[in-house]
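okay, here's the prediction I keep looking at, along with the sequence it came from:
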Amino acid sequence: MLFKPAVVANVAGAPKPEEAARLINSGKRRGVVVVVGICEVSYTGRAAAALGPGRRLLILKRDGTLLLHEAEKAQPKIWNPPGSFTAAYVEGGVLVVKSVRSRPFETVRVVFRQVDFASAFDVGTSELALVGTESDVVEALVRNPSIIEEGLEVVGVEVPTDVGHIDILARDRGGRYVIIEVKRDVATHDAVFQLARYVELYRRKGHEVRGVLVASDISSTALEYLKRYDLVFVKVNPRELTVSTNKNTLNSK
């Protein structure tokens, strides 16, 4: 597949405020605009916030999204969501980028005292094909319950109860119910408490029952509670589990 050059607009070296404003206003309709420089930021809306002078990374997207990043953390320091209107202009000899969200009314104003870099990129959009979601893991385990324990027989999926839906309900070789709670990521104490509620519910009904928590990992606190409730933890890799199960299904056809 051939792609056009990614850069649709660029200013060599440190751009002047006027050059950066023109680039932002034209480039934000094409894909993604990236600006790096020393700026001050103010936010007004449901609350108020401000950032003093500092070198930061500003990202503007075609759908109106504004993201202001610093050197650490995945989340932006300040942002405005898709649907916001953004404009760049020169005021008092410096570059100003203003983003306005109508409902609820919120504004982000970024004043660049110095622009080090400004460029616009032709970036497309696509649908994310998720592999290894929680439902994928449940489906893979239902297809092959021996991953959890040899001899398990699945008797229900998403079984409704008074305290929630059991992900997988099975019976072991001894005929006892096995309640399986599935988490794609790291299991916390909340997952343990939920599983314990299911197990207690079945015990009150007079059933012999065990509980198994399946996840990619478990927190230390959750592991302590797991031992207290006499429950079992089974570690799986969601991506490897779903990919291998899908391959086995295709090979069996």
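Received it, and whenever you're ready, just let me know what you need. Residues are numbered from 1 along each chain as shown.

buried set for the longest strand seen in the chain?
The longest strand of the chain (DSSP state E) is strand 106-121. Of all the residues in strand 106-121, those buried under the rule 16 or more other Cβ atoms under 10 Å are 106, 108, 109, 110, 111, 112, 115, 118, 119, 120, 121. (Each C-beta comes from the backbone N, C-alpha and C, glycine too.)

correct me if wrong: the fourth one contacts residue 97.
Spelled out, it's residue 110. Yes. Between residue 110 and residue 97 there is a contact at 4.4 Å, judged by Cβ atoms under 8 Å.

residues shared between the contacts of these two?
Residues touching both residue 110 and residue 97 (Cβ atoms under 8 Å, 6 or more residues apart in numbering) are residue 58.

quick check: mean pLDDT across whichever helix or strand comes after the longest strand of the chain?
The helix or strand immediately downstream of strand 106-121 is helix 134-143, counting by DSSP states H and E. In this model, helix 134-143 carries a mean pLDDT of 89.

quick check: which helices or strands does the very next helix or strand once past helix 134-143 pack against?
From helix 134-143 onward toward the C-terminus, using DSSP H and E, the following helix or strand is strand 153-161. If you count contacts as 3 or more Cβ pairs under 8 Å, 6 or more residues apart in numbering; DSSP states H and E, strand 153-161 packs onto helix 134-143, strand 164-171.

give the pairing partners of strand 153-161; include direction for each.
When pairing is defined by DSSP bridges, strand 153-161 lines up against strand 164-171 (antiparallel).

how far off helix 134-143 does whichever helix or strand comes after the strand it pairs with point, in degrees?
Counting by DSSP H and E, the next helix or strand C-terminal to strand 164-171 is strand 177-182. Orientation check (axes from the mean of the first three to the mean of the last three Cα atoms, to 10 degrees): strand 177-182 against helix 134-143 gives 150 degrees.

would you mind listing the buried residues in strand 177-182?
Result for strand 177-182 [16+ other Cβ under 10 Å]: buried residues 177, 178, 179, 180, 181, 182.

the last one is in contact with residue 136, isn't it?
In this case it means residue 182. No. Taking contacts as Cβ under 8 Å, residue 182 lies outside contact range of residue 136: 10.0 Å.

and the helix or strand containing residue 57, what does it pack against?
Taking DSSP H and E as the definition, residue 57 sits inside strand 48-61. Helices and strands touching strand 48-61, by 3+ Cβ pairs under 8 Å, 6+ apart, are strand 32-44, strand 66-69, strand 106-121.

let's see 6 Å
Strand 48-61 is packed against strand 32-44, strand 66-69, with contacts defined by 3 or more Cβ pairs under 6 Å, 6 or more residues apart in numbering; DSSP states H and E.
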